[in-house]
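> Coordinates for the following, if possible.
(2 chains)
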Amino acid sequence: MVFLTSPACEVNEEDATSQGRPLIGLLALQGAVHAHARHLVSCGARTRRVRLPSDLEGLDGIVLPGGESTVIAALLDRSGLRSPLQEHLRAGLPVLATCAGLILLSREIRDPARNDRPPLEICDISVRRNWYGRQIDSFERDLLISFPESVSMPGGEAVFERTCKRLPGIPAYPSSDQPSFRAVFIRAPGVVSWGEGIRVLAWHNEQPVMLRDRQALMCTFHPELTDDDRVHRLFLEQVAGRLGERS
Amino acid sequence: MAEAEHAHGTTRVKRGLAEMLKGGVIMDVVTAEQARIAEDAGACAVMALERVPADIRRDGGVARMSDPLLIAEIMGAVSIPVMAKCRIGHFAEAQILQELGVDYVDESEVLTPADEMHHIDKWTFTVPFVCGAIDLGEALRRIGEGACLIRSKGEAGTGNIVEAVRHLRAIIGEIRRLATLDSGELMSAAKRLGAPFELVTEVARTGSLPVPLFCAGGIATPADTSLVMQLGAEAVFVGSGIFKSSDPAPRATAIVEACAHYDDLAMVMKASRGLGAPMVGMEMPEIPTEDRFAGRGW
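Have a look, this model is predicted:
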């Protein structure tokens, strides 16, 4: 099989060196799947494409990528994936959702498209599509994100050691020196209301653009489109946290 | 160079939308009604046109950018991205399409070229461009001019996949060959390809194009879709293949299904059943060389 854009991030679930690494599913019905895989693999995770209900078994976390939310939602229904995915998410499966993925995860879409299907209703947020307008209104900008110390600097070697194994004695970066995050917004949605259990990690124009709760990390922008891997590392920390609780 | 704190139309923003379209089907539509059918079937974008390529081929004459009023109607009818075509080298048509607010411009060989020497300087635009290519040299020349997405040309409006397969294999095969060269061989490779040296070096290093590669030209069935996705295309454009078939809506849905599950042949098989007659299609020898669209572009 040829995967032109990202040969190095081919599904590496069976990798012999993968013992003990978290297995992250990538919802791969439509959208920017490989860009996420690139970061996850370089941060030490294993990845698996998720297109059918059986692909959900044994995952430690899942990514709902950007793409066209109406298309992904339609294919979720047609492939019989909606209910099993909802069950796994309701059972607490950690999830990283970007752009269209965030729309899917929401409780309510305020401006449903003509052919819209309901979202998965996992996180207590309400959204509007194409908040900033069409593609010519898409933009990138520097964001101030309050990352925890463990992921405060863009990654390099041994990222997996820091984020997944939580080895003692790894020096933390000083949080006061956190560089800004270059955030790419592509026909991005807006979060228009959010519940009490949701923490806002980044704002743009008084709108939350990055949010989290115990289970989910959500961005209206695309952290997979730059080389900065801090969002993915933060997500893998959440995954590691849940693995720690269960063991 | 420091990046502006807040910027529109950057390479990342423009290529980013192409990333979002991966794994999807972009459908040619000529009315708002067709656009809704395409959207309901699961198209990830539509290409707004006055005539599909099969009709352009049949009618002959000069084929131009579509009426902005028609494109605007289609933009108003759907929530997915809307693309539109301009003629090769016709930067004024492209400027008008940007003014209109389309999400992607296709500088397309299906329309009659406006410039037989030059393509549009696409770096100067905020709106992203997709361009066709028949081989790696052409793909890299277009990327060098600022294209953010490359599609095979295929032979549009024929319902015949053979040319798209030829172009995909040419592009992907050349990429593989480049990746085997040592650095001292890359300049003559660039000369042979007629491509910018820096891009040749980048492809040799990464083993892939710097922008996504989609397939266009002649896709008519779910099996065609699976074929080109397995060959390495990352999404597909379907032109005449849907609305020139006997029953467009189920065929559109089936092609979307086959694209999402392209390497799960049980799913592709299910999607292929009971779709009625595909578009009739043409054999290549029926089309004189001078009437072929794929030869347009320089």
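> Just the buried positions in the helix or strand containing residue A:208, please.
In the assignment (DSSP states H and E), residue A:208 maps to strand A:207-212. Neighbour counts using 16 or more other Cβ atoms under 10 Å in any protein chain shown place A:208, A:209, A:210, A:211, A:212 of strand A:207-212 among the buried residues. Where you see a C-beta, it was placed from the backbone N, CA and C, and this is true even at glycine.
> The helix or strand that it is followed by - contacts with which helices or strands?
With elements assigned by DSSP H and E, the helix or strand that comes after strand A:207-212 is strand A:216-219. Contacts defined by 3 or more Cβ pairs under 8 Å, 6 or more residues apart in numbering or on different chains; DSSP states H and E place strand A:216-219 against strand A:95-98, helix A:100-105, strand A:207-212, helix A:230-246.
> make it 6 Å
With contacts defined as 3 or more Cβ pairs under 6 Å, 6 or more residues apart in numbering or on different chains; DSSP states H and E, strand A:216-219 has these neighbours: strand A:95-98.
> The strand it packs on - contacts with which helices or strands?
Counting contacts by 3+ Cβ pairs under 6 Å, 6+ apart, strand A:95-98 packs against strand A:61-64, strand A:216-219.
> which one of the buried residues of strand A:207-212 sits closest to chain B?
Among these, residue A:209 lies closest to chain B (Cβ to the nearest Cβ), at 12.9 Å.
> Distance of the closest residue to that closest one other than its chain neighbours relative to chain B?
The shortest distance from residue A:209 to any non-neighbouring residue, by Cβ to Cβ, 6 or more residues apart in numbering or on different chains, is to residue A:220 (4.7 Å). To chain B, residue A:220 is 13 Å away according to Cβ to the nearest Cβ, to the nearest Å.
> unless I'm mixing things up, residue A:220 is touching residue A:210, no?
No: judged on Cβ atoms under 6 Å, residue A:220 makes no contact with residue A:210 at a distance of 7.5 Å.
> one step back: identify all contacting residues around the strand holding residue A:208.
In this structure, residues lying in contact with strand A:207-212 by Cβ atoms under 6 Å, 6 or more residues apart in numbering or on different chains are A:190, A:191, A:198, A:199, A:200, A:201, A:202, A:218, A:219, A:220, A:221.
> Relative to chain B, how far out is the second one?
It stands for residue A:191. Counting by Cβ to the nearest Cβ, the gap from residue A:191 to chain B is 18 Å.
> What average pLDDT does the top helix by length along chain B get?
Assignment by DSSP state H gives helix B:162-179 as the longest helix of chain B. The average pLDDT within helix B:162-179 is 98.
> Would you mark the buried spots in the helix or strand following that helix?
Counting by DSSP H and E, the element after helix B:162-179 in chain order, helix or strand, is helix B:186-193. Under the neighbour-count criterion of 16+ other Cβ under 10 Å, helix B:186-193 has B:186, B:189, B:190, B:193 buried.
> which strands and helices sit next to the helix or strand just after helix B:186-193?
The helix or strand immediately downstream of helix B:186-193 is helix B:197-206, counting by DSSP H and E. Here helix B:197-206 touches helix B:136-144, helix B:162-179, helix B:186-193, going by 3+ Cβ pairs under 6 Å, 6+ apart.
> Give me whichever of the ones you listed is most buried.
Mean neighbour count (mean count of other Cβ atoms under 10 Å in any protein chain shown) peaks for helix B:136-144 among those, with a mean of 24.
> now residue A:194, nearest residue through space, not along the chain?
Distances taken as Cβ to Cβ, 6+ apart place residue A:125 nearest to residue A:194, at 4.6 Å, with adjacent residues excluded.
> show me what contacts the one you found?
Neighbour list for residue A:125: A:106, A:191, A:194 [criterion: Cβ under 6 Å, 6+ apart].
> follow-up on the earlier one: of all the helices and strands packed on helix B:197-206, which one comes closest to chain A?
helix B:162-179 (6.4 Å).
> Relative to the whole chain's centre, how far out is that closest one?
Chain-centre distance of helix B:162-179: 15 Å, with Cα atoms, centre = their mean, to the nearest Å.
> where exactly do the strands run in the stretch 1-150 of chain B?
With DSSP state E, counting those that start in this stretch as the criterion, the stretch 1-150 of chain B has strands at B:6-8, B:25-29, B:45-48, B:82-87, B:104-108, B:129-133, B:149-152.
> same thing with chain A?
Listed in chain order, the strands of chain A (DSSP state E) span A:23-27, A:46-50, A:61-64, A:95-98, A:108-109, A:125-128, A:139-143, A:181-185, A:190-194, A:199-204, A:207-212, A:216-219.
> Tell me the strands beside the fourth one, with direction?
Sheet neighbours of strand A:95-98, with direction, are listed as strand A:61-64 (parallel), strand A:216-219 (parallel) (DSSP bridges).
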